[in-house]
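Can you look at this prediction? I've put the sequence above it.
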Amino acid sequence: MNERKAGRTVGEIMTRDPIVVRADAPLAEVARLLDRHHISGLPVVDGSGALVGVVSHTDLLRARATEHLWANWPGLAVRHLMTSPALSVGAGTTISEAAQLMERERVHRLVIVGEDGRTPIGIISTADLVHTMAEEHGHD
C-alpha cells in the first residue's frame, strides 16, 4: 500500500475546477475572491481560458506595501501584479515531483493543466502536500 501511495499523482489530490481570474480583472476582484473563498492564490487566464499566470496573497501584499502600486490600486489589473508564466504540471505528475518543483522554485502552489497544456483543471498548494504527508505518515 505504501508503494502505491509513493506513486500518487497531483491529479489524485488536486482541488478540481479551480477558481480563476482573468488577467484584465481589477485587483479588488482578486482580493474579494481570495477572501471570500479562503484561498491564498488563483490561476490567471486570458480571454480564451488559457493559463497566463498566478496571483496570490503575496502579490497583493507587495502592492499594499509599495507606495506607487498602492496609490494606483484602483487602476491596476491582475496582469500588473501576477507572476507569469505560472508554474504548471499535468495531472500525471507525481506528488514527489510536484513537491521537488515547488521547493526548487520556491512557490506555494502549482496549477494543474489539462491535456491541451494550457487550461487550468486543478490546483495544489503546499497545504495540500502537507495534508497528504499527514495522511501517509500519520499512522506510523
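Okay, I see it. Residues are numbered from 1 along each chain as shown.

where does this protein have low pLDDT?
Where the chain drops to pLDDT under 70, the residues are 1-6, 138-140.

So what touches stretch 8-22?
Residues outside stretch 8-22 that contact it (Cβ atoms under 8 Å, 6 or more residues apart in numbering) are 29-30, 33, 37, 39, 42-47, 49, 55, 78, 89-95, 98, 110-112, 120-124, 128, 131-132. For the C-beta atoms, the positions are set from N, CA and C on the backbone; glycine is no exception.

Filter these down to just the ones in strands.
Using DSSP state E, 42-45, 55, 89-90, 110-112, 120-124 are the members of the contacts of stretch 8-22 that sit in strands.

Now for the residues you listed: which two are most distant?
V55 and G90 (22.0 Å; Cβ to Cβ).

Of those two, which one has the most company?
V55 (27 against 14; other Cβ atoms under 10 Å).
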